[in-house]
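**Student:** Pasting the sequence and the predicted model now:
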Amino acid sequence: MSIAFILWFSISLFLVGFWVWTSWILFQQKKAWKLYAQKRKLRYNANKFYDSPEVGGSIEGYKVKIFPSTHITADARGERHLTTIEVSLLTGVPVDAAIASGGMVKIVDELDLSQEFRPEIKGWDDSYIVRSRDNHVLRSYLIDERVKALIKLMELRNAWVILIFAGGDGLLRIDTPDPLQNPKSLDDMVKKMIEVARILELGEGEARTLKSKRTDNKKAVLDVGDNTFDGATGLELEDDEGAQPVSEDAPKKK
């Protein structure tokens, strides 16, 4: 038996094994997400046979989207496939701003947000980023409770997190390499996101207080270039066409 044949056989065996393993993960994911969507009364889209599924709808008054995302690697030679969960906030900071960790830092760095600061709180990593159009407003908003809640998400293994405010809307997003291939793990992650979202909501009268701290009275508009989010699927701040509106009795932080 020649060395070339052994090498060819080994490579073929590895490729077949990898295909079987990834296919099994994908089908487990589809099964889990479908069960989860049925339990939570969400929309489920299986997509193509070998594509990851998508889930969307409302949970506890929050608009939630779960879908696969693709990111270009740092050397631009490959792609990284992650699972994304987005939760749209019910309230938003009256200034354009973004806080991020991991691979989302690069995205924030490309936005037209000129002011940056580092929260002085235990657990904050220098690799994280906080940018805004007006730090006077954002500093007042980022009380310790909110920063600690974000850190808790950012410390999840290999997770990328971004909290972004634009035009008065807010979005919390996490990207994780975990395929979340069973309903419980998916439900646990969504619950963590909603728990943090509640902490991030503005309290009664807080929007007025934050507006009073602005250094000017001009409405800031987030300038996002057409190619800013290439390779990062989603990251939407507007409701999807046909999506159900949040009910008036949706939970708000008091």
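**Tutor:** Done, it's in.
**Student:** pLDDT value on R214, please?
**Tutor:** pLDDT recorded at R214 is 86.
**Student:** ok, now how distant is it from L138?
**Tutor:** Distance of R214 to L138, computed by Cβ to Cβ, to the nearest Å: 11 Å. C-beta here means a position set from N, CA and C on the backbone, and glycine is covered the same way.
**Student:** same check, this time on Q29
**Tutor:** Distance of Q29 to L138, given as Cβ to Cβ: 37 Å.
**Student:** Which one's more surrounded, those two?
**Tutor:** Between Q29 and L138, L138 has the larger neighbour count (other Cβ atoms under 10 Å), namely 26 against 19.
**Student:** Helices of the stretch 101-250 of the chain, start to end?
**Tutor:** Under the criterion DSSP state H, counting those that start in this stretch, the stretch 101-250 of the chain contains helices at 104-109, 135-141, 144-154, 183-200, 206-212.
**Student:** list the helices and strands the longest one packs on?
**Tutor:** Under the contact criterion of 3 or more Cβ pairs under 8 Å, 6 or more residues apart in numbering; DSSP states H and E, the helices and strands touching helix 183-200 comprise helix 3-40, strand 62-72, strand 79-88, helix 144-154, strand 169-176.
**Student:** now what about it, what contacts it?
**Tutor:** 32-33, 35-36, 39-40, 59-60, 62, 64, 66, 85, 87, 89, 145-146, 149-150, 152-153, 163, 170, 172, 174, 176, 178, 180, 251, 253 (Cβ atoms under 8 Å, 6 or more residues apart in numbering).
**Student:** repeat that with 7 Å
**Tutor:** Applying Cβ atoms under 7 Å, 6 or more residues apart in numbering, the contact partners of helix 183-200 are 32-33, 35-36, 39, 59-60, 62, 64, 85, 87, 89, 145-146, 149-150, 153, 163, 170, 172, 174, 180, 251, 253.
**Student:** picking that back up, Serialize the helices of the stretch 101-250 of the chain to CSV and add fields for distance to S127.
**Tutor:** Converted to CSV, the helices of the stretch 101-250 of the chain look like this (distance: least, Cβ to Cβ, whole Å):
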stretch, distance to S127
helix 104-109, 7
helix 135-141, 19
helix 144-154, 9
helix 183-200, 19
helix 206-212, 27
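**Student:** looking at these, which is closest to E120?
**Tutor:** E120 lies closest to helix 144-154 among the helices of the stretch 101-250 of the chain, at 9.5 Å (Cβ to Cβ).
**Student:** For that closest one, name the packing helices and strands.
**Tutor:** In terms of contacts (3 or more Cβ pairs under 7 Å, 6 or more residues apart in numbering; DSSP states H and E), helix 144-154 is packed against strand 160-166, helix 183-200.
**Student:** With mean neighbour count, mean pLDDT and distance to D134 added, can I get these in JSON lines?
**Tutor:** As requested, these are exported to JSON lines (neighbours: other Cβ atoms under 10 Å; pLDDT from 0 to 100; distance: least, Cβ to Cβ, whole Å):
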{"stretch": "strand 160-166", "mean neighbour count": "26", "mean pLDDT": "97", "distance to D134": "11"}
{"stretch": "helix 183-200", "mean neighbour count": "18", "mean pLDDT": "96", "distance to D134": "18"}
